[in-house]
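Peer 1: Fold the following for me, if possible:
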Amino acid sequence: MATALGKSFDAQKQTGKKSTIDYIATDEAAIIVKEAEKVLKAKQDKYGKAPTDFNENTAFVVRYLTALLAKLNIRPENLGV
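Peer 2: You can find the predicted model right below:
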């Protein structure tokens, strides 16, 4: 796979086409990534803590999915995070 990607990258350079890495390495891409990081950190701060209120609809869905996983013999700790 690495060889195929390397050949593709070299072919793009020879034809003058830009590759994905050319876009990722720009200042504009760095700004986008930094903004995305800020948004994700804000979401984590907002939703990463224990809830102060309880939503019965959400609890119903969680109970349903937990039961479904149990029927499929899938343990939640095996799902990865």
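Peer 1: mind listing what's buried in the longest helix seen in the chain?
Peer 2: Looking across the chain with DSSP state H, the single longest helix is helix 27-47. For helix 27-47, a neighbour-count test (16 or more other Cβ atoms under 10 Å) marks nothing as buried. For the C-beta atoms, the positions are set from N, CA and C on the backbone; glycine is no exception.
Peer 1: what does whichever helix or strand comes after that helix contact?
Peer 2: Next along the chain after helix 27-47, taking DSSP states H and E as the criterion, comes helix 56-71. With contact meaning Cβ atoms under 8 Å, 6 or more residues apart in numbering, helix 56-71 is reached by 75-76.
Peer 1: What of stretch 5-22?
Peer 2: Contacts of stretch 5-22 (Cβ under 8 Å, 6+ apart): none.
Peer 1: Ok, stretch 26-35 next?
Peer 2: residue 23.
Peer 1: From residue 46, how far off is the one residue sitting closest to the centre of the chain?
Peer 2: Centroid-nearest residue in the chain: residue 40, 10.4 Å away (criterion: Cα atoms, centre = their mean). Distance of residue 40 to residue 46, given as Cβ to Cβ, to the nearest Å: 11 Å.
Peer 1: How far away from the center of its chain is stretch 36-50?
Peer 2: The chain centroid and the centroid of stretch 36-50 are separated by 14 Å, computed with Cα atoms, centre = their mean, to the nearest Å.
Peer 1: Same check on stretch 20-39?
Peer 2: Taking mean C-alpha positions (Cα atoms, centre = their mean), stretch 20-39 and its chain are 15 Å apart.
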